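Chemist: Generate a structure from the sequence data that follows.
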Amino acid sequence: MTASDSIDLDPTATAVGTAIAWLETLAERDRWPARVAMGLTLSVDEALTNVVAYAFGQRDADSAPPRVRLSYVRLPAALRVTITDNGIAFDPTAVAPPTAMTSVEQANIGGHGVQLMRHYLSRIAYARQDGENRLTLEIDCPQA
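Modeler: Have a look, this model is predicted:
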């Protein structure tokens, strides 16, 4: 049996908290291992925070109302969450890894979220289709 679910969110300050609570419910229902739950939750938190903060800032007055949808599918050997939004185009998979710093003074605050996602996820894919961003996040998780 393949489990799936989805949630529609308003891209507001409360969206991330709502999404995290939804993921926690799925994690309990589908018995995700703790490391998988942490990695996927952190990754969705990062990606969705960026959508809420940046995707809808420069919209025309005649644009469609902002929409965000998270879709979840339990695959045979992985978990997949797809974040779909109708904000401005942005491909996080095109973001270059941060440069290694030799001292704390050289380090920049911020800009490490995509690298964190790459650490935990087995696959990150982006597509722009029909005026929507589709960011697919997968993490390895064999079924018990």
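Chemist: low pLDDT regions in this structure?
Modeler: For the chain, the stretches with pLDDT under 70 are 1-2, 59, 61, 98-112, 144.
Chemist: Look through it and tell me its longest helix.
Modeler: helix 34-54 (DSSP state H).
Chemist: Just after that helix, pick out the following helix or strand.
Modeler: Next helix or strand after helix 34-54 toward the C-terminus (DSSP states H and E): strand 68-74.
Chemist: Tell me where the chain has helices.
Modeler: 15-30, 34-54, 113-120.
Chemist: what packs against the second one?
Modeler: Applying 3 or more Cβ pairs under 8 Å, 6 or more residues apart in numbering; DSSP states H and E, one finds that helix 34-54 contacts helix 15-30, strand 68-74, strand 78-85, helix 113-120, strand 132-140. All C-beta spots, glycine's among them, are computed from the backbone N, C-alpha and C.
Chemist: again with the last one
Modeler: Helix 113-120 is packed against helix 34-54, with contacts defined by 3+ Cβ pairs under 8 Å, 6+ apart.
Chemist: Give me the buried positions along the helix it packs on.
Modeler: Of the residues in helix 34-54, 36-37, 39-48, 50-52 count as buried by neighbour count, 16 or more other Cβ atoms under 10 Å.
Chemist: For residue 137, state which of the residues you listed is nearest.
Modeler: When the buried residues of helix 34-54 are ranked by distance to residue 137 (Cβ to Cβ), residue 43 comes first, at 5.3 Å.
Chemist: Mean neighbour count, the helices and strands packed on helix 34-54: which tops it?
Modeler: Counting by mean count of other Cβ atoms under 10 Å, strand 78-85 has the highest mean neighbour count of the helices and strands packed on helix 34-54, with a mean of 21.
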